[in-house]
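Undergrad: coordinates for the following, if possible.
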Amino acid sequence: MTAQEIATLFEGEIVGDPNVEIRRVAKIEEAGAGDLTFFANPKYEKYIASTKATAILVSSGFDPSRLPASRLVFIKVPDPYIAFLQILKRITPMPDPFPKGIHATSLVPTSAKLGSGVSLGAHVVLGENVVVGSNTKIGPGCVLGDGSSVGEESVIYPNVSIYHGCQIGSRVILHAGVVVGSDGFGFAPKKDGTYEKIPQLGIVVIEDDVELGANCTIDRATIGQTLLKRGVKLDNMVHIAHNVVVGENTVIAAQSGISGSTKVGKNVVIAGQVGIVGHIEIGDRSVLMAQSGIPKSTEPGKAYFGTPAKEHLRALKIEAVIRSLPELAKDIEELKRSLEELRNRLSEPRP
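TA: Residues are numbered from 1 along each chain as shown. You can find the predicted model right below:
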């Protein structure tokens, strides 16, 4: 593609030669001749002068004239990062690891209903009355339990298990090792110290345009549904417990866990290794920062940090005080000594 063709795609503006040819895309610090890169994070501005890229995507408000003279071609677009991702898909198409058609070793009962263009890899096992939508691709070793369903144009990577009755929407991506619909963690303590298993009779519902990273586990509900709403994105190794509801377009980073019956709002950002207790509500647009422990409900639009989590700014102030404790302790000891000396002087008999 030429720089001008790229600019036209995003209604952008060219500063430099519009006819230069772009062959590849690359990070700004690694790019070479013929490469397109991008600048969106201020931390990377230092690389603009030294990058060997041919062209660079920058924001519409970026002023190249404030930089030293450069051979770089600047393509000014509203969002350089999103533009870069879209060009990446055009120039470097994703390989398709799924074979066409249904592999001879797949087990498909006569009660299963498959849409047109479905792909089943080796040793896929479908239960009774399973429904798979058109153009959905299911990788080797996957198991779909009785009565489960997957919508259209979904992609299920190898060794995914979808338990009985669970419902997966359209354009859903489940990466390798995902388990949907395993039993929720429900055990009632008995007087003799043992536990009675609580039947897990509900299902999991995953709506359209959801993506789950490798080895995520989504527990089925005790009664009713565990629900991931449209557009939810989970990183690797995220655990969602029974009867949890995760709102639209919420993103959750790796190794986070949400306990039973908690309701997470829409457009929430949950960073890595966050732990959330059960039976609370996480407000819309909340931000839960990495390694935080969330013991109670959060307010919409606020950021939280720490264990137990507090509003971010308050948590930072507390952290600042904690870091200065050695100095504060030393000051207190000096004040105590000074006070003791003053008391001693005051207690001395006057002449």
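
Undergrad: what stretches of this protein score poorly on pLDDT?
TA: Counting by pLDDT under 70, the chain has low-confidence residues at 69, 351.

Undergrad: where do the domain boundaries of it fall?
TA: As recorded under automatic domain parsing, the domains making up the chain are 3-91, 113-312, 313-351.

Undergrad: SS state for residue 123?
TA: Under DSSP: H, G, I helix; E, B strand; the rest coil, the three-state class of residue 123 is coil.

Undergrad: tell me how many other residues crowd it.
TA: 16 (other C-beta atoms under 10 Å). C-betas here are computed from N, CA, C, even on glycine.

Undergrad: my read: it touches residue 140, true?
TA: Yes. Between residue 123 and residue 140 there is a contact under C-beta atoms under 8 Å: 5.7 Å.

Undergrad: was I right about residue 274 contacting residue 282?
TA: No. Using C-beta under 8 Å, residue 274 is not in contact with residue 282; the gap is 10.1 Å.

Undergrad: shared neighbours of these two, which are they?
TA: 288, 294 (C-beta atoms under 8 Å, 6 or more residues apart in numbering).

Undergrad: so the residue nearest to residue 248 when sequence neighbours are not counted is in which element?
TA: Among residues not flanking residue 248 along the chain, residue 266 sits closest, at 4.2 Å (C-beta to C-beta, 6 or more residues apart in numbering). When elements are assigned from DSSP states H and E, residue 266 belongs to no helix and no strand.

Undergrad: and for residue 266, the neighbour number?
TA: 17.

Undergrad: please apply the same query to the one 5 residues further on.
TA: A total of 18 residues lie near residue 271 under the criterion other C-beta under 10 Å.

Undergrad: so it touches residue 290, yeah?
TA: Yes. With contact defined as C-beta under 8 Å, residue 271 and residue 290 form a contacting pair (4.0 Å).

Undergrad: spit out the residues that contact these two alike.
TA: Here residue 271 and residue 290 have residue 253 as joint contacts, going by C-beta under 8 Å, 6+ apart.

Undergrad: can you show me the CA trace of the top helix by length along the chain as CSV?
TA: Taking DSSP state H as the criterion, the chain has its longest helix at helix 325-347. In CSV, the C-alpha atoms belonging to helix 325-347 read as follows (Å, rounded to 0.1, in the frame of the first residue of the first chain):
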residue,chain,number,x,y,z
LEU,A,325,7.0,5.3,58.1
PRO,A,326,10.7,4.8,59.0
GLU,A,327,11.4,8.5,58.8
LEU,A,328,8.2,9.3,60.7
ALA,A,329,9.1,6.7,63.4
LYS,A,330,12.5,8.4,63.8
ASP,A,331,10.9,11.8,64.1
ILE,A,332,8.5,10.5,66.7
GLU,A,333,11.4,9.1,68.8
GLU,A,334,13.2,12.4,68.6
LEU,A,335,10.1,14.3,69.7
LYS,A,336,9.7,11.8,72.6
ARG,A,337,13.3,12.5,73.7
SER,A,338,12.8,16.2,73.4
LEU,A,339,9.6,16.0,75.4
GLU,A,340,11.2,14.0,78.1
GLU,A,341,14.1,16.4,78.3
LEU,A,342,11.6,19.3,78.6
ARG,A,343,9.7,17.5,81.4
ASN,A,344,12.9,16.8,83.3
ARG,A,345,13.9,20.5,83.1
LEU,A,346,10.5,21.6,84.3
SER,A,347,10.5,19.1,87.2
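
Undergrad: picking that back up, between the domains of the chain, which one is closest to residue 107.
TA: domain 113-312 (4.7 Å; C-beta to C-beta).

Undergrad: what's the distance between the closest one and the middle of its chain?
TA: 12 Å (C-alpha atoms, centre = their mean, to the nearest Å).

Undergrad: now swap in stretch 63-72 and tell me
TA: Distance, centroid of stretch 63-72 to centroid of chain: 36 Å (C-alpha atoms, centre = their mean).

Undergrad: what about it, start to end distance?
TA: Stretch 63-72 stretches 13 Å from its first residue to its last (C-alpha to C-alpha, to the nearest Å).

Undergrad: in that stretch, what counts as buried?
TA: Using 16 or more other C-beta atoms under 10 Å as the test for burial, stretch 63-72 gives 64, 72.

Undergrad: heads up, I number from 839, so please use that
TA: Sure, I'll start counting at 839 from here, so that last one is stretch 901-910.

Undergrad: quick one: neighbours of residue 1166, just the number.
TA: Look at residue 1166: counted by other C-beta under 10 Å, it has 11 neighbours.

Undergrad: could I get the contacting residues of it?
TA: Contacts of residue 1166 (C-beta under 8 Å, 6+ apart): residue 1159.

Undergrad: could you measure from it over to residue 1157?
TA: Per C-beta to C-beta, to the nearest Å, residue 1166 is found 14 Å from residue 1157.

Undergrad: how about residue 1064?
TA: From residue 1064 across to residue 1157, the span is 35 Å (C-beta to C-beta).

Undergrad: what does residue 997 give?
TA: 42 Å.

Undergrad: and residue 878, what does it touch?
TA: So residue 878 contacts 897, 917, 918, 919, 922 (C-beta under 8 Å, 6+ apart).

Undergrad: how far away is the fourth one from residue 1074?
TA: What that stands for is residue 919. 22 Å.
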